[in-house]
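K.L.:
Sequence first, then the predicted structure, then my questions.
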Amino acid sequence: MIWRTGLLVVVAWLLGFIWFSGWLPGPAPMERTDAVTVPTGFAGRIGRGLEVVQSDSADRLLVTGVDPEVTPAEFAAEFEVPDDVMACCVTLGFAATDTRGNAEETTEWALENNIKSLRLVTSDWHMRRAAVELRRELPSDVRLVEDAVRSEPSLWLLFVEYHKWLVSRTVGPLFT
């Protein structure tokens, strides 16, 4: 009996990992939202967030988890952000150090700015966990659009992220 239960757990884990790795979320269509949030990290995230704002698909952009030593001028130069876009539309968040912190920082910013629809831009392999954490923090009346940036994650990265996502989905709520 115990071996059957163990086998069932292993098969469920394996099938879950195959699903998680084989069917990563994709980009969302350019629909209008009040704002976009981008956790810092892998390539393409910030560029996509800026594209959303500059295409007039969102009014504001929060880049969460920015290194405290980065100045707005350095950020603007690195990502070629025009001064007028930087001044009106881009907020750099320096408080977050992890995915849960990104969700907390984004929620605080969204509440301060009366955001009712929010586009989350992050890597495809990171989207599921980032969305779980953000949904846990955001008020239920804020619409969340998941916009994943395509990448080529390693099997190891997927393995690690799968386990972080499992913990976030199962144990995470116990700590909030």
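P.N.:
Now that the structure is in, tell me what you want to look at.

K.L.:
Could you list the single helix or strand in this protein with the lowest mean pLDDT?
P.N.:
Within the chain, no helix or strand scores below helix 2-22, which has a mean of 87 by mean pLDDT, DSSP states H and E.

K.L.:
what sits up against that helix?
P.N.:
Contact with helix 2-22 is made by 128, 155, 158-159, 161-162, 165-166, as judged by C-beta atoms under 8 Å, 6 or more residues apart in numbering. In this view, the C-beta of every residue, glycine as well, is placed from N, C-alpha and C.

K.L.:
what's the following helix or strand after it?
P.N.:
strand 35-39 (DSSP states H and E).

K.L.:
Does anything pack onto that next one? Which helices or strands?
P.N.:
Applying 3 or more C-beta pairs under 8 Å, 6 or more residues apart in numbering; DSSP states H and E, we find strand 35-39 packed against helix 45-54, strand 60-64, helix 99-112, strand 117-123.

K.L.:
re earlier: from the contacts of helix 2-22, list just the buried residues.
P.N.:
128, 158, 161-162, 165-166 (16 or more other C-beta atoms under 10 Å).

K.L.:
and of those residues, the nearest to residue 77?
P.N.:
Of all the buried ones among the contacts of helix 2-22, residue 77 sits closest to residue 161, with 31.0 Å by C-beta to C-beta.

K.L.:
show me what contacts the nearest residue to residue 150 once chain neighbours are set aside?
P.N.:
Excluding its sequence neighbours, the residue lying closest to residue 150 (C-beta to C-beta, 6 or more residues apart in numbering) is residue 124, at 5.7 Å. By C-beta under 8 Å, 6+ apart, the residues touching residue 124 are 24-26, 148-151, 153.
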